[in-house]
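In: Predicted model follows, preceded by the sequence.
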Amino acid sequence: MKRVELVQIPHNVKIGDTCGDIEPNVTEDCVFYADGEPVGFYIKQITGKLAQFIDVANAELLSDRVPKSVMRRSSGLTNAENEVEQYSTIIGSCPPKPHMRRPYPTMSSVHSVKSASTFIKAMMLACRESEQLIKEITPSIYERQKSIIETKVPPQWRFGELFTSSISNFNISAPFHRDAGNLEGCVNVIIAKKQNARGGNTTVPDYGATVDSRDNSMLVYPAWRNVHGVTPILPTQKGGYRNSLVFYPLKAFNTYWD
């Protein structure tokens, strides 16, 4: 795979700024390096079992069998006619939320919905395949993250070997932010499903890098490390969409060992 050195550049982007429509400049398979160490990678076309499991998960997510939370984020586009339906589904572990009178972690309520069992199984299998790819392509990332998870996350709150949780987003772009709730030193996995739509690219202004969110692409990225955003999603035909199926590790569970 191509080696891409990430070099910081000056910019004026701040957390909370709207992410505009930016064309991708990372479009080929590559491993990202910072200060001589691999920090993530991009695959433009997943194949094999991982692609099969993601296809199943995506089909289930688009069905009525999987519960969703409706989202009302701005698309980042000025024309109201470009606003799209948005929703998300979280599975795996959920952190404590004292402001909601739940000062303890829980498993996502989706796990108790029988009709969602195929979706959950497909996502778990996809998680395992993703972990294997991380191990093969960037073994140092795999070993570091496994060690962090084993130290910081009790077994009952793990999703696979390297993560705690998963979120699947339908047509959701995002303003510039940093995933401050993630375990530092770890990576996220972002797999895209896209049909008759453009946009949904992850952009990192620190490096002037915008990663192509093409159908069946996979981005492995340390979302805690830099401010980043997701560009607007614009269907090119009726019914067009972009889903992101994400695995991520939260730091909220370290005080909940048995």
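Out: Right, received. Where do you want to start? This structure is a prediction, so every number in the text was calculated from the model and none was measured. Numbering: from 1, shown residues only.

In: Run through the residues that contact the closest residue to residue 177 other than its chain neighbours.
Out: Using C-beta to C-beta, 6 or more residues apart in numbering and skipping residues adjacent in sequence, the residue nearest residue 177 is residue 15, 5.7 Å away. Every residue, glycine included, has its C-beta placed from N, CA and C. By C-beta atoms under 8 Å, 6 or more residues apart in numbering, the contact set of residue 15 is 176, 177, 178, 227.

In: Next, give me the two most distant ones among the residues you listed.
Out: Taking C-beta to C-beta, the two most distant members of those are 176 and 178; they sit 8.3 Å apart.

In: Show me where the stretch 51-200 of the chain has its strands.
Out: 69-70, 87-94, 106-107, 165-170, 174-177, 188-195, 197-199 (DSSP state E, counting those that start in this stretch).

In: need those strands in JSON lines with mean pLDDT and mean neighbour count, can you?
Out: Below are the strands of the stretch 51-200 of the chain laid out as JSON lines (pLDDT from 0 to 100; neighbours: other C-beta atoms under 10 Å):
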{"stretch": "strand 69-70", "mean pLDDT": "92", "mean neighbour count": "10"}
{"stretch": "strand 87-94", "mean pLDDT": "97", "mean neighbour count": "21"}
{"stretch": "strand 106-107", "mean pLDDT": "96", "mean neighbour count": "14"}
{"stretch": "strand 165-170", "mean pLDDT": "97", "mean neighbour count": "23"}
{"stretch": "strand 174-177", "mean pLDDT": "96", "mean neighbour count": "17"}
{"stretch": "strand 188-195", "mean pLDDT": "98", "mean neighbour count": "22"}
{"stretch": "strand 197-199", "mean pLDDT": "96", "mean neighbour count": "21"}
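
In: Columns distance to residue 127 on top of those strands, output as CSV?
Out: CSV is the format used below for the strands of the stretch 51-200 of the chain (distance: least, C-beta to C-beta, whole Å):
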stretch, distance to residue 127
strand 69-70, 21
strand 87-94, 9
strand 106-107, 15
strand 165-170, 7
strand 174-177, 22
strand 188-195, 8
strand 197-199, 25
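
In: Residues touching stretch 120-138, excluding its own?
Out: 1, 31, 38, 40-41, 43, 48-50, 53-54, 56-57, 60, 91, 110-111, 141-142, 145, 159-163, 166, 168, 187, 189, 191, 218, 220, 245, 247.
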